[in-house]
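Participant: Sequence first, then the predicted structure:
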Amino acid sequence: MNVTINTIAKMAGVSPATVSRYLNQGYVSEEKKERIRNVIEQTGYSPSPSAQMLRTGKNHLVGVIVPRINSEPVAEMVEGITRIMAQAGYQILLANTSNQVEKELEFLKIFRTNNVDGVIFMGTLMSKRHLTVMRSYQKPIVLLAQQEEIIPSVYFDDYQSAYLATEILLKRDCREIAYIGVTLKDRAVGRNRRIGFTDALAQYQIQPDERRMVETQFDMEDGYEAARILMERNVPFDGIFCATAELAFGAMSYLRQQNVLVPEQVKVSAVGNNRLATLYDPPLTTVSLSHRTGGSEAAAMLLDLIQEQEIPCRSEKMICCLHERKSTLG
């Protein structure tokens, strides 16, 4: 049986226009909604995407550009995006850039001309080239995990999270604190978290020592290598702040290999409440950033823009929260 809108309308005892409004989230009385819903469930009807696009100008697809798929924070943000989009009847097209700037620009250009209703871009190394492409968009775009005044943005409190993670080390009597971070070209994870670290030290009248600071990449292996570099510099440290939980796991693995006890000899804290934080030995003190909520907020913001609601270009900052565990206790 070829089920069409006319078929649904006849079986539900309503007009085809009423069925169309129902399918496009327009106003339909609750009684008619129930009748249409029952018929759709009975027949298994699914509207043709191409026909729906012709009617509404929307194809219910959004592009999501992510820096890497093997990252727990990214996975949580995508989960938040997917949940909100699914509730609104949207599907996502996921593009993984593997932290390559040229791929970010390529996917931004592809989605600019591709048949998607909007785009969520998880920015990392924001450049003038990125902003030029995003300014040229004729469709809604939301920036996630970075903040730009001219682009609707949902971002995390990277400064405060680093401040809190450093402050807990200071409160636990660490005074020679090492820093393992990422490139300052990354405004959020690199620059803002480094500033949060140095400002926390300043509150205790401590000057950051470049000999105790290492800039590296994002993976656990990079944290391991960074800790090795710190040890080989022969500059004592009694605490380590890590810009991400993955870096902290790597650093603690190296310390364990060198028979350096955490937290008895060196205390460790990090930004990002990775689910391994409670399982690691010792459990890691972290600051959570509400990544899943951030993804949900970005999706909701994009939906508002797609539906052409009159909303100003705005930014939303997610809250952070300290979770102290054994790596800074004792």
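Facilitator: That came in fine, so what should we check first? Residues are numbered from 1 along each chain as shown.

Participant: residue ranges for the strands of the chain, please.
Facilitator: According to DSSP state E, the chain carries its strands in the segments 61-66, 91-96, 118-122, 141-144, 153-156, 177-182, 213-216, 239-242, 267-271, 285-288, 315-318, 321-323.

Participant: And the contacts of the third one?
Facilitator: When contacts are taken as C-beta atoms under 8 Å, 6 or more residues apart in numbering, the neighbours of strand 118-122 outside the stretch itself are 62-67, 74, 77, 81, 104, 108, 111-112, 134, 137, 139-145, 298-299, 302, 305-306. C-beta coordinates here come from the backbone N, C-alpha and C atoms, glycine included.

Participant: next one: it to chain centre, how far?
Facilitator: From the chain centre to the centre of strand 118-122 is a distance of 11 Å (C-alpha atoms, centre = their mean, to the nearest Å).

Participant: Could you number the chain from 159 rather than 1 from now on?
Facilitator: Renumbered: residue one is now 159, and that last one reads strand 276-280.

Participant: residues of it that come out buried?
Facilitator: Judged by neighbour count (16 or more other C-beta atoms under 10 Å), strand 276-280 contains these buried residues: G276, V277, I278, F279, M280.

Participant: can you check stretch 176-185 too?
Facilitator: Quick answer for stretch 176-185 (16+ other C-beta under 10 Å): T176, V177, S178, R179, Y180, L181.

Participant: before we move on, what about stretch 237-253?
Facilitator: Applying 16+ other C-beta under 10 Å to stretch 237-253 flags G238, I239, T240, I242, M243, Y248, I250, L251, A253 as buried.

Participant: Would you agree the fifth one is in contact with E237?
Facilitator: No. With contacts counted by C-beta atoms under 8 Å, M243 stays clear of E237, the gap being 10.9 Å.

Participant: The stretch 159-308 of the chain: helices as residue ranges?
Facilitator: Here the stretch 159-308 of the chain has its helices, by DSSP state H, counting those that start in this stretch, at 163-170, 174-181, 188-201, 207-214, 230-245, 259-271, 286-293.

Participant: Including mean pLDDT and distance to L447, could these go into CSV?
Facilitator: Converted to CSV, those look like this (pLDDT from 0 to 100; distance: least, C-beta to C-beta, whole Å):
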stretch, mean pLDDT, distance to L447
helix 163-170, 86, 45
helix 174-181, 79, 38
helix 188-201, 88, 39
helix 207-214, 52, 36
helix 230-245, 92, 7
helix 259-271, 91, 21
helix 286-293, 90, 22
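
Participant: Including distance to E390, could those helices go into a markdown table?
Facilitator: Below are these laid out as a markdown table (distance: least, C-beta to C-beta, whole Å):
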| stretch | distance to E390 |
| --- | --- |
| helix 163-170 | 71 |
| helix 174-181 | 65 |
| helix 188-201 | 66 |
| helix 207-214 | 58 |
| helix 230-245 | 30 |
| helix 259-271 | 31 |
| helix 286-293 | 37 |
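
Participant: who wins for proximity to R333 among those?
Facilitator: helix 230-245 (30.3 Å; C-beta to C-beta).

Participant: Let me have the strands of the chain in JSON lines, adding distance to G452 as columns.
Facilitator: As requested, these are exported to JSON lines (distance: least, C-beta to C-beta, whole Å):
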{"stretch": "strand 219-224", "distance to G452": "13"}
{"stretch": "strand 249-254", "distance to G452": "16"}
{"stretch": "strand 276-280", "distance to G452": "10"}
{"stretch": "strand 299-302", "distance to G452": "7"}
{"stretch": "strand 311-314", "distance to G452": "5"}
{"stretch": "strand 335-340", "distance to G452": "19"}
{"stretch": "strand 371-374", "distance to G452": "24"}
{"stretch": "strand 397-400", "distance to G452": "21"}
{"stretch": "strand 425-429", "distance to G452": "14"}
{"stretch": "strand 443-446", "distance to G452": "11"}
{"stretch": "strand 473-476", "distance to G452": "5"}
{"stretch": "strand 479-481", "distance to G452": "13"}
